[in-house]
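Colleague: the sequence and its predicted three-dimensional model are supplied below.
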Amino acid sequence: MNNRLVTGDYLVFIIYFLIVSSYGYWIYRRKKKKVTDTHDFFLAEGSLTWWAIGASLIASNISAEQFIGMSGNGFFVGIAVSAYEWIAALALVIVAIGFMPVYLKNKIFTMPQFLKTRYNETVSLIMTIFWLFLYVFVNITSIMYLGALAINNLAGGQHLHLIMVCLALFAIIITLGGMKVIGYTDVIQVMVLIIGGLATTYMALITVSEKFGLGRDVLKGFQELLRDAPDHFHMILQKPGAAAGQSQIDKYLILPGIAMYFAGQWIINLNYWGCNQYITQRALGANLPTARTGILFAALLKLMMPIIVMLPGIAAYVLYQHGALHAEMNSAGKFNQDNAYSSMLGFLPGGLKGLSVAALTAAIVASLAGKANSISTIFTLDIFKKYMRREASEGEMVWVGRFTILVAMFLSVAFTWTDLLGISGEGGFTFIQKYTGYISPGIFAMFILGMFWKRTTGAAAVAGLVTGVLLMVVFSNYAPSWFGTDTALYTAYINDKGVYEIPFMISMGWSFFFTVLVMVLISFLGPRLNPKAFALDREMFRLQPSHIVLICAIILILMALYIRFW
């Protein structure tokens, strides 16, 4: 196995870079207005087509945490981690049906604007600051670190910081052109992502097939995975019993069986896909039919993502168990499950390896660009315009947005350089879910009640946010020692550090439940009629026949998958 890039790989990568950069510049010149305003720069002025919206959603979502982190979880846990992708498809259906009509009817362009319009300035400001810190210091930081780590492993292991800087510069080039450039270049990015990702999965299965003397046969390679690692092909993990080993417990802590489907998975996905500036921004500038079609197209693409981002991890597990990849799975002499994806790239031939690295880079850069644009949008419209320069012109705000992009990237590179959050200490994908999980219950409760319950008040929203965070801190750190390890609400398990821990998806579920309860009680103490409640147009909730067909197809495919791998 050759785990280094050769001349052909660099050539393929350079071609990819030139195509994306040239196409982005062409889009910028072709669609450039004489005077670029904020609606054009941040929302693409409604010019994105349904296929551009869908592709951009996937390109922005599938990044290093999926390629690297989810592949690492595939190595450790198996197909159960696909729940994140497959429940996301259903979450996108719900967002298309229920959330987009509310946003578009009320002309919502940013998530802080939603909170200000529905609640008050205090709620909006608190969450604006929350989101800016989260995007800069958790999301961009983790995307950049994990992506650079994987590419660095292939480039000889000596260029981690240089690769971080190059990824940031590439993303800046795309982002400074605005949402139009991001949206349309994401179409190319997603094509490269899918083709390169499938190439890696194909070679991973071929390698497994050859390893067991079955020839170069993809289907036989997959069948061998089923035979050799049957425990990695169960969607629902069993609850650990008294005799369970540490490995089984650690897997359950990440993906707590069927219990996670009662709350945790839904909170994570609905909050991410429906209450997240970074995601919804792609559709907020479009009309409702276009936005819906684009979101449902993204849901269809979501169904195939585990093939690209999870299967290579299981293939790496099987090969590792049979004596291969031991050197590749270690970083600085320490085993690291996040090396699973990059270790499989070593089996690719020259040129094809470059395509897979291009796919990984496309996923990283598209996500960095999307995150940077969202940071720019929120800061410019919800901080600069409101509190720093109310009389700012459209042109000034666009330039402030561009400057914000540069500052955000600089801070992220500086933060990533020192690995202050300790991303390298645990699986990257789980790291991100845990950090965002601290605020997800409170945020989702604010949004869902704000959309569909007119009596929800601003005081309840503030209380809900604080309650959600505090409860997550309690459940994640103190509940086992305060209330015991086996209660009616939860069961705590000793993790690999010897400390009792509650599965974080269980913690999220109960935090969300009690947060909603607190918000409802406080709202009942407020006025019966809330003048800030959103107007809902029932006609906007009606679906076109094509949308109904797409939704039925998504549900049927998911049912077949879950029946097969239950």
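Modeller: Thanks, I have it. All figures in this text were calculated on a predicted structure; none of them were measured in a lab.
Colleague: pLDDT of stretch 387-406, averaged?
Modeller: Averaging pLDDT along stretch 387-406 gives 82.
Colleague: in it, what counts as buried?
Modeller: 392, 397-398, 400-402, 404-405 (16 or more other CB atoms under 10 Å). No exception for glycine: its C-beta is placed from N, CA and C like everyone else's.
Colleague: mind listing which of those are in helices?
Modeller: Under the assignment DSSP state H, the buried residues of stretch 387-406 contribute 397-398, 400-402, 404-405 to helices.
Colleague: dump the residues you listed to CSV, plus distance to residue 374.
Modeller: CSV is the format used below for those (distance: CB to CB, whole Å):
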residue, distance to residue 374
397, 15
398, 15
400, 15
401, 11
402, 14
404, 11
405, 10
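Colleague: quick one: which of those is nearest residue 362?
Modeller: residue 405 (19.0 Å; CB to CB).
Colleague: which residues does the closest one contact?
Modeller: 172, 175-176, 372-373, 375-376 (CB atoms under 8 Å, 6 or more residues apart in numbering).
Colleague: from these, which has minimum pLDDT?
Modeller: Minimum pLDDT for those is recorded at residue 176 (74).
Colleague: who are the contact partners of that one?
Modeller: Contacts of residue 176 (CB under 8 Å, 6+ apart): 402, 405.
Colleague: phi, psi of it?
Modeller: Main-chain torsions, residue 176, degrees, to the nearest 10: phi -60, psi -20.
Colleague: burial measure for the nearest residue to residue 96 once chain neighbours are set aside, as a count.
Modeller: Of all residues not flanking residue 96 in the chain, residue 295 sits nearest, at 4.1 Å (CB to CB, 6 or more residues apart in numbering). Other residues within reach of residue 295, judged by other CB atoms under 10 Å, total 30.
Colleague: same check, this time on residue 548
Modeller: Count around residue 548 with other CB under 10 Å applied: 10.
Colleague: where's it, which helix or strand?
Modeller: Assessed by DSSP states H and E, residue 548 sits inside helix 545-565.
Colleague: pull out the buried residues from stretch 79-98.
Modeller: Using 16+ other CB under 10 Å as the test for burial, stretch 79-98 gives 79-97.
Colleague: correction: stretch 327-343
Modeller: Per 16+ other CB under 10 Å, stretch 327-343 contains these buried residues: 328-329, 331, 336-343.
Colleague: so of these, which ones are in helices?
Modeller: 340-343.
Colleague: can you add distance to residue 122 and pLDDT and give those back as a markdown table?
Modeller: Shown next, in a markdown table, are these (distance: CB to CB, whole Å; pLDDT from 0 to 100):
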| residue | distance to residue 122 | pLDDT |
| --- | --- | --- |
| 340 | 45 | 81 |
| 341 | 43 | 81 |
| 342 | 45 | 77 |
| 343 | 49 | 80 |
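Colleague: closest to residue 468 out of the contacts of residue 405?
Modeller: residue 375 (22.6 Å).
Colleague: what separation do you get for the closest one and residue 390?
Modeller: Residue 375 sits 21 Å away from residue 390, going by CB to CB, to the nearest Å.
Colleague: pLDDT-wise, which helix or strand of the chain ranks last?
Modeller: helix 38-43 (a mean of 60; mean pLDDT, DSSP states H and E).
Colleague: next SSE after that helix?
Modeller: Assigned by DSSP H and E, the successor of helix 38-43 is helix 50-61.
Colleague: if anything else comes up later, I'll come back, but that's it for now.
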